[in-house]
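> what's the 3D shape of this:
(one chain, ligands or ions: 1)
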Amino acid sequence: MSQQKEIPIVCPYCGVGCNTELVVEDGKAVKVIVKGRNPDLNGKFICIKGLTVADILNHEDRLKSPLLKIKNEHVETDWSNAIKTTATKLNEIIEKYGNNSIGVLVSGKISNEEGYLAQKFARTVIKTHNVDTCARLCHSPSEVALKMQFGYGAASACINDFNEAEVVMLVGANTRFTHPGIWNLLRRREKKSILIVVDLFEAISSIDIKLTPNPSTDLIWLNGLAKIIVDKQIYDTEFINERTIGFKRFKQSLEIYDKDTVEQIANVPYTQLQKIADLISKKKTVFVWGMGLTQHANGTDAVLSIGNLAMLTGNIGKKGTGVIPLRGQNNVQGVVDMGANPFSLTGGYSLTDKGALTHFEGFWNTRLSEEPGLSATQMIHKILDGKIKALYVIGENPAFSEPQSAFVKWMLRNLELLIVQDIFLTETAKYADIIFPAAALGEKEGTYTNAHRLIQLSAKAVDPPGSAKVDWEIIQDLAQSMGYKWNYKNSEDIWNEAREIAPIFRGASYSHLKESNGLFWPIYDDKSTGIERLYIDRFMFSDNRARFYPIKIPSIFTHTTDEYPFMLVTHRLYEQFNTGEMTLRSKITSKKVKKGFVALNDSDTISLDLSNNSSIRINSPYGSIVSPIKIIKGMKVPSGYIFAPIHFFTYTNFNELTSTYPLDPKAHMPSLKKIPVNIEKIN
Ligand code: SF4
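Modelled structure (predicted):
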């Protein structure tokens, strides 16, 4: 008789972190179900991506044994040889070029424990701060800006605030496609709050106010909105006086955001902004945003502008108010919290915090530099300069996800050592000298932190395929082979160390997590479920006050020209996820959309004599690709724009068209969201 079990897991895709159950029959994952064990989060809701887990775990393409590149071919080897060879090469590179010639890139889909160990490996074994995550390419501006203004690089509000809010303002986030769990919560929110949506393509119905600003001009209309509130004197004087600093300078900085500037640069009707100003200054408002706001070279200033508005209107630190960046991957918040960041340590301590450095040095028995490491995009650039010689890539796929793919692939070929640890042979893995096969979520125990700081424990349901190993075990094997006496027995051991070093996680023990529906950080003891809503009493600075930041108008906005008359804007689809390595392999999602395409406005297709499924060549100042055209139901593309879903890199790689410059000066975010292009019809 076959034995069936239902094992509780966290969805491995977006930052909502939906709770699901993996059904296991005779040791094999067969399907995903949702029993509704967390009614506040997703209840019995699941989107199509969440259903794919069994397909991914059982897929024939899974990496099953370590591979070494010999004469340009990947050949199987055993773990002992793979680890020993890697350790020897890493030691040689450190000896020859120094500790900072190596970088570690970490995915937002590995667990907190694995993120913690990866950054500890970088800092104490390799002895470099060159460790970064995929957050660099999605929400690094959110992390940087929120930390600057409020103290923590994370959402202040929780999803329950959607039910308490009177206004929800959604900027640059097509939640129906990118975070269906959030879309579901917004649809069923208890109070019929006013929904303001700012996005070129957002496909939600029942929007009360819709703005469609020019891409990357968000900071212009956001500051224009702040100016209206200041001019009408409808700001929250009590909150500003008692809980913030910098208002006077901020107020003066708004002079430049007059009606003409806002309308001309951002293309937003001033009357609409006046309406929004009245609403958010009088009503409890939650501000929510996605990569439409952040994936620009001015992304941090755009997030700071939202933070300024939240302070101006007193909409932070109270029920039904706050700020929520919609994190892309299920644990992108967590791996950054764990310190996989070139600028900060576990618990978010900055490298400029001398007390924290001393604490970590004592705890890890190592010396730590005060100089930050290189961000992900910088590491790729520094290969060209000969400064980076080796990369250890854990679950990341920079050959596709970083801008200017041809350049990135060329750089990967120039490394002396590329180590890739993943569940599939990704595009990046094809360039690797050594490949470690890793276990996927569902094949290991571990904790994951969702977009609103909820830490959840995901159980092990099945064994990994072949000789694939859990990520933390591989990292530990490597550290041991390089002479370090690490001896973690399980992921709980690692989590307990992270809890000890960073008090904000202290109360979230495995036993407490098992008894709960997740716990919010900060959590200082195991009597509470953590602090769901931040900043009720104080902001996380020594004077307890939040900070206003004046924002300057950037000198350049990327715009279309006669030579490049269309603006290509990258986007996500409901059925696919990120670089497609998982969803394109699932029967459930790939039967819906399998190949890349672009969508144009009807009038543009008619004037250019283009038809559905015809192909066009798209040229940017940096590269050129060919793509078919598709008409998408319910997706209205404004004239002059090209909608480009990002997931189909093998077929239509839009990162062939993007550029690594300019980078956001504060968060090092490349301008991934948009690029001016021209198109040629292909007969
Ligand atoms: Fe997974 Fe996000 Fe879909 Fe929930 S909404 S099932 S977390 S992809």
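
> C-alpha from now on. contacts and neighbour counts both.
OK.

> Please enumerate the strands of the stretch 251-400 of the chain.
285-289, 322-325, 390-394 (DSSP state E, counting those that start in this stretch).

> What of the stretch 401-550 of the chain?
Using DSSP E, counting those that start in this stretch, strands in the stretch 401-550 of the chain cover 417-422, 434-437, 446-449, 454-458, 519-520, 546-547.

> Tabulate these in JSON lines, adding columns for mean pLDDT.
Conversion of the strands of the stretch 401-550 of the chain to JSON lines gives the following (pLDDT from 0 to 100):
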{"stretch": "strand 417-422", "mean pLDDT": "98"}
{"stretch": "strand 434-437", "mean pLDDT": "98"}
{"stretch": "strand 446-449", "mean pLDDT": "98"}
{"stretch": "strand 454-458", "mean pLDDT": "98"}
{"stretch": "strand 519-520", "mean pLDDT": "98"}
{"stretch": "strand 546-547", "mean pLDDT": "98"}
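
> how about those, which one is nearest the ligand?
Within those, the stretch nearest the ligand is strand 446-449; the backing value is 11.4 Å (Cα to the nearest ligand atom).

> Assign the closest residue to the ligand within the stretch 501-650 of the chain to helix, strand or coil.
Residue of the stretch 501-650 of the chain nearest the ligand, by Cα to the nearest ligand atom: residue 577 (8.1 Å). Following DSSP: H, G, I helix; E, B strand; the rest coil, the label given to residue 577 is coil.

> Number of residues surrounding it?
Residues near residue 577, counting by other Cα atoms under 10 Å, number 24.

> Repeat that for residue 217.
For residue 217, the count of nearby residues is 23 (other Cα under 10 Å).

> correct me, but it touches residue 268?
No - applying Cα atoms under 8 Å, one finds residue 217 not in contact with residue 268, separated by 9.8 Å.

> before we move on, back to that, for the strands of the stretch 401-550 of the chain, give me a markdown table that also has mean neighbour count and distance to residue 620.
Output for the strands of the stretch 401-550 of the chain, formatted as a markdown table (neighbours: other Cα atoms under 10 Å; distance: least, Cα to Cα, whole Å):
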| stretch | mean neighbour count | distance to residue 620 |
| --- | --- | --- |
| strand 417-422 | 25 | 30 |
| strand 434-437 | 28 | 34 |
| strand 446-449 | 27 | 37 |
| strand 454-458 | 26 | 41 |
| strand 519-520 | 26 | 44 |
| strand 546-547 | 26 | 39 |
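
> In CSV, list those along with distance to residue 3.
Output for the strands of the stretch 401-550 of the chain, formatted as CSV (distance: least, Cα to Cα, whole Å):
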stretch, distance to residue 3
strand 417-422, 30
strand 434-437, 28
strand 446-449, 24
strand 454-458, 21
strand 519-520, 32
strand 546-547, 55
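
> Quick one: closest of these to residue 50.
Evaluated over these, closeness to residue 50 peaks at strand 454-458, with 14.0 Å, by Cα to Cα.

> just checking, what packs against the closest one?
Packing contacts for strand 454-458, counted by 3 or more Cα pairs under 8 Å, 6 or more residues apart in numbering; DSSP states H and E, involve strand 4-10, strand 446-449, helix 510-514, strand 519-520.

> now these in TSV, with distance to the ligand?
Formatted as TSV, the helices and strands packed on strand 454-458 follow (distance: least, Cα to the nearest ligand atom, whole Å):
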stretch	distance to the ligand
strand 4-10	8
strand 446-449	11
helix 510-514	19
strand 519-520	17
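
> and of the ones you listed, who's closest to residue 563?
Here strand 446-449 is closest among the helices and strands packed on strand 454-458 (Cα to Cα), at 45.0 Å.

> roughly how far is that closest one from the heart of the chain?
Between the centre of strand 446-449 and the centre of its chain there are 15 Å (Cα atoms, centre = their mean, to the nearest Å).

> Show residues contacting that strand.
Contacts with strand 446-449, where a contact means Cα atoms under 8 Å, 6 or more residues apart in numbering, come from 10, 17, 111-113, 330-334, 455-459, 491-492.

> Could you rerun that using 6 Å?
The contact list for strand 446-449, computed with Cα atoms under 6 Å, 6 or more residues apart in numbering, reads 111-112, 331, 334, 455-458.

> Which two among the residues you listed are spaced furthest apart?
Using Cα to Cα, the two most remote members of those are 334 and 458, lying 13.5 Å apart.

> show me where the stretch 201-350 of the chain has helices.
218-231, 237-243, 247-253, 259-261, 270-282, 291-294, 299-312, 332-337 (DSSP state H, counting those that start in this stretch).

> lowest-confidence stretch among those?
For the helices of the stretch 201-350 of the chain, the weakest mean pLDDT is recorded on helix 291-294, namely a mean of 93.
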